[in-house]
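Predicted model, plus sequence, below.
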Amino acid sequence: MYRTAALLAKRCGVSFDDGHAVSRLMSLHEIAVRGGRATLDGEDVSAEIREPWAGNAASIVSTFSEVRRAMVELQRRFAASGSTVAEGRDMGTVVFPGAVLKVFIVADLAIRAVRRCRETSPGAVPDVAAQAEALLKRDRRDRERSDSPLRPAPGAWWLDTTLLGIREQVDMVVAEYRRRRAELG
């Protein structure tokens, strides 16, 4: 959803560094997730927000408190419609602190960089070192922001995905969720 907010800013010619303007734009447009697809004013923008620039831009716009407040409201409203699986750097600490399962996912930096290269530039010759540097910069910015910094939620279940494929990750999270639900009765 932050990537979609960054796309909105880009389309409207608003600087990613202008949190007030980005949050105002958010109030004038509809950012949503429907059927696993990101939408902006009803338009499916899922592919566009996966372009290489979008992750960094999302990390920049997410540093502003007014953007974060608007986004948390949107995310909670979205989740109120039913069961939700949410992914993000503050889901367990800020957005859904009462969630049954909060997962803090980690992976080796080199593996993350390779995965990001494959995701953002399939078929291209990857620049893993540049991608690793970009990930480190983004992680640092997210850890050091004053509002909702990146950190594990209290009681979070840590999952190291370094040696796991996507299917294995999903299976492990679902199993842990079921275990916790069973404990709750």
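Perfect, thanks for sending it.

the longest helix in the protein is where?
In the chain, with assignment by DSSP state H, the single longest helix is helix 166-184.

elements contacting that one?
Using 3 or more C-beta pairs under 8 Å, 6 or more residues apart in numbering; DSSP states H and E, the elements in contact with helix 166-184 are strand 103-106, strand 157-160. (Each C-beta comes from the backbone N, C-alpha and C, glycine too.)

Okay, buried residues for the last one please.
Of the residues in strand 157-160, those scored as buried under the neighbour-count criterion (16 or more other C-beta atoms under 10 Å) are residue 157.

Using CSV, write out every CA atom in it.
These are the backbone C-alpha positions of strand 157-160, laid out as CSV (Å, rounded to 0.1, in the frame of the first residue of the first chain):
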residue,chain,number,x,y,z
TRP,A,157,7.6,-15.6,15.8
TRP,A,158,10.9,-15.3,14.0
LEU,A,159,11.2,-17.0,10.7
ASP,A,160,14.6,-17.2,8.9
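
In the sheet, which strands lie alongside it, parallel or antiparallel?
Strands that pair with strand 157-160, judged by DSSP bridges, come out as strand 103-106 (parallel).

List the buried residues for the strand it pairs with?
The neighbour-count check on strand 103-106 (16+ other C-beta under 10 Å) flags 103, 104 as buried.

what's in contact with the longest helix of the chain?
With C-beta atoms under 8 Å, 6 or more residues apart in numbering as the test, helix 166-184 has contacts from 100, 101, 103, 105, 157, 159, 161, 164.

Kindly reformat the helices and strands packed on helix 166-184 as CSV containing mean pLDDT and distance to residue 113.
Below are the helices and strands packed on helix 166-184 laid out as CSV (pLDDT from 0 to 100; distance: least, C-beta to C-beta, whole Å):
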stretch, mean pLDDT, distance to residue 113
strand 103-106, 96, 14
strand 157-160, 97, 16
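
quick one: which of those strands is nearest residue 71?
strand 103-106 (19.8 Å; C-beta to C-beta).

Show me how far that closest one is from its chain's centre.
Relative to its chain's centre, strand 103-106 lies at 12 Å (C-alpha atoms, centre = their mean, to the nearest Å).

outside of that strand, which residues touch it?
Strand 103-106 has contacts (C-beta under 8 Å, 6+ apart) with 92, 152-153, 156-162, 169, 173, 176.

Check which helices and strands whatever helix or strand comes next after it sits against.
Where DSSP states H and E defines the elements, the next helix or strand beyond strand 103-106 is helix 109-120. Under the contact criterion of 3+ C-beta pairs under 8 Å, 6+ apart, helix 109-120 touches helix 52-61, helix 128-144.
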